[in-house]
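sequence unknown, structure follows:
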């Protein structure tokens, strides 16, 4: 590429960052890093009526947790500051005014009531999509229909107005999308969009194009919901004489619901997580659980999201962020929507937990334990639990949820297994084995395992018959890591107590 690659992620601070937005940020990041370019965070807050307190901070924290960093932005600065559109308000008017001077835009003084009347007239005339366009503008109150002196007088008197783009009536607008190929739109399908609002703030369309030009953006990589706006942006680049430096466009496919029926929403059923971090929506008062709080590793979430629309062209599935940077390309992004698979992200997480160093997992597991008021265990003890459970968990909370017997006593036993294992013969074997365990001077997994195997060999009993009984007595459940390893970790005293307790409970007469 001849020019230095510069891409931007430009969210609006209107709520928590949805997982679809995270994917957009990720693809921009990967593209920039692959080509040694710059990645910019720009906050598009021109619609102040939808501003949500804390949303910008949430966006920054979410991407930082995922390891997506910025070269320029609201929180890191840069040569094109400010990066918050509300702080750039004085920049946009000159460009809107220049469009008027060139005959590509006009002042419109229509009141909300007059606009509504226009729409009602069109509806009555059976017009499918009522809009302010090349036909209807001629019957409205704007600088194209009013005398020049009246227009000046209205502006001088402080009458509210907007500036609208003058979209040609019959023109073919063509643009090349890096994912979809050529896109052709007829201009009569586009209405005369407002560029500058009556409060002096630009709309998304004007601010977006002006900022991308001033910030020297080379590629616009965004969701396909913005594809209908792209022809309008092409017109703006043309009318502002910037067509030669217009960025390349790439519109990403939708992330679909698991059944493929529609776009993935913020609130999905079935425990599907759609936010990187937990988010409280102050408008709806709803709470959304995030991937971080649910016990997912950021590397797993990144790997999962990368595959929602992109594929490497090989069977490889596990990619570090550096692998993704090296392999990523816009050419391998599909056009069709990508189904969200909640089980697949769990699989990715289990793989990453297995391969993550225990000491890196330790603070995460300690935090999960403290949230459940589980305290009093040393780092060494918890680290050994992690080593034993790594291959069996899916999320960080599983280090407690699937392993409570490491941290607390229990009174309940898996009922189905109890029916199978707590029989007179097995109880008799463990009544005989218990004294041997009590007499052990060395309490480690190897010694415990040897005692049990020696007993089984001498008494000609299958190890697979008596070991599950021990597991039930020690853990209360039917699955988990090696029982001798568990006993070695929880210690001799606790192990003996649990065996004695189970034997006592199981030999008591019922009824």
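Great, that's in hand. Computed from a predicted structure; not experimentally measured.

What count of nearby residues applies to the nearest residue to residue 13 once chain neighbours are set aside?
Nearest in space to residue 13, with sequence neighbours left out and distances taken as Cβ to Cβ, 6 or more residues apart in numbering, is residue 55 at 3.8 Å. Backbone N, C-alpha and C define where each C-beta goes, glycine included. Using other Cβ atoms under 10 Å, residue 55 is surrounded by 22 other residues.

swap in the one 4 residues further on?
With neighbours defined by other Cβ under 10 Å, the count for residue 59 comes to 26.

Could you grab the helix/strand/coil label for it?
Of the three states, residue 59 takes helix according to DSSP: H, G, I helix; E, B strand; the rest coil.

Who are the contact partners of it?
11, 13, 17, 21, 41, 43 (Cβ atoms under 8 Å, 6 or more residues apart in numbering).

Nearest to residue 293 among those residues?
residue 17 (14.5 Å; Cβ to Cβ).

ok now do the closest one, which residues does it touch?
With Cβ under 8 Å, 6+ apart, residue 17 has these contacts: 11, 58-59, 62-63, 275-276.

measure it to residue 278 for me?
As defined by Cβ to Cβ, to the nearest Å, residue 17 lies at a distance of 12 Å from residue 278.

list the residues that contact both of those two?
With Cβ under 8 Å, 6+ apart as the test, residue 17 and residue 278 reach no residue in common.

In a markdown table: the contacts of residue 59, plus secondary structure, pLDDT and distance to residue 182.
Below are those laid out as a markdown table (DSSP: H, G, I helix; E, B strand; the rest coil; pLDDT from 0 to 100; distance: Cβ to Cβ, whole Å):
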| residue | secondary structure | pLDDT | distance to residue 182 |
| --- | --- | --- | --- |
| 11 | coil | 96 | 28 |
| 13 | coil | 94 | 34 |
| 17 | coil | 95 | 32 |
| 21 | helix | 97 | 27 |
| 41 | strand | 98 | 31 |
| 43 | strand | 96 | 32 |
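
and which of those is nearest to residue 98?
Of these, the one sitting nearest to residue 98 (Cβ to Cβ) turns out to be residue 43, at 25.1 Å.

Verify the contact between that closest one and residue 57 for me.
No - using Cβ atoms under 8 Å as the test, residue 43 is too far from residue 57 to be in contact (10.7 Å).

that older thread, put together a markdown table for the contacts of residue 59, with distance to residue 470 on each row.
Below are the contacts of residue 59 laid out as a markdown table (distance: Cβ to Cβ, whole Å):
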| residue | distance to residue 470 |
| --- | --- |
| 11 | 55 |
| 13 | 57 |
| 17 | 49 |
| 21 | 51 |
| 41 | 56 |
| 43 | 59 |
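
Residue 431: which of those is nearest?
Among those, and counting by Cβ to Cβ, the member closest to residue 431 is residue 17, at 59.8 Å.

okay, the contacts of residue 17 in CSV with distance to residue 219 next?
Formatted as CSV, those follow (distance: Cβ to Cβ, whole Å):
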residue, distance to residue 219
11, 17
58, 26
59, 21
62, 23
63, 19
275, 27
276, 24
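
Out of those residues, which comes closest to residue 168?
Of the contacts of residue 17, the one sitting nearest to residue 168 (Cβ to Cβ) turns out to be residue 11, at 31.8 Å.

how close does the closest one sit to residue 50?
12 Å.

higher neighbour count, these two?
More neighbours surround residue 11 than the other of residue 11 and residue 50, with 23 against 13 (other Cβ under 10 Å).

The more buried one contacts residue 45, correct?
No - assessed by Cβ under 8 Å, residue 11 is found out of contact with residue 45, at 9.4 Å.

Spit out the residues that contact those two alike.
Between them, residue 11 and residue 45 share no contacting residue, judged by Cβ under 8 Å, 6+ apart.

Walk me through the domains of the chain.
88-204, 357-398, 409-507 (automatic domain parsing).

Quick one: closest of those to residue 330.
domain 88-204 (4.6 Å).

Local confidence estimate at the nearest residue to residue 140 once chain neighbours are set aside?
Spatially, and ignoring its direct neighbours in sequence, residue 140 is nearest to residue 110 (5.3 Å; Cβ to Cβ, 6+ apart). What the model reports as pLDDT for residue 110 is 97.

and residue 110, what is it in contact with?
118, 132, 140-142.

how about a markdown table for those, with secondary structure added?
Formatted as a markdown table, those follow (three-state DSSP):
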| residue | secondary structure |
| --- | --- |
| 118 | helix |
| 132 | coil |
| 140 | coil |
| 141 | coil |
| 142 | strand |
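
of all those, which comes closest to residue 98?
Distances from residue 98 to those, taken by Cβ to Cβ, are shortest for residue 142, at 17.9 Å.

Now the closest one. Nearest residue, chain neighbours left out?
Residue 142's closest residue in space is residue 108 (Cβ to Cβ, 6+ apart), at 4.1 Å.

ok, the one you found - contacts?
With Cβ under 8 Å, 6+ apart, residue 108 has these contacts: 132, 137, 140-143, 161-164, 194.

Which one (most neighbours) among those?
residue 164 leads the contacts of residue 108 on contacts (other Cβ under 10 Å) with 28 neighbours.

Let me know the pLDDT of that residue.
98.

Note down every partner strand of the helix or strand in which it is found and its orientation.
Per DSSP states H and E: residue 164 is located in strand 162-165. If you go by DSSP bridges, strand 162-165 pairs up with strand 105-108 (antiparallel), strand 194-196 (antiparallel).
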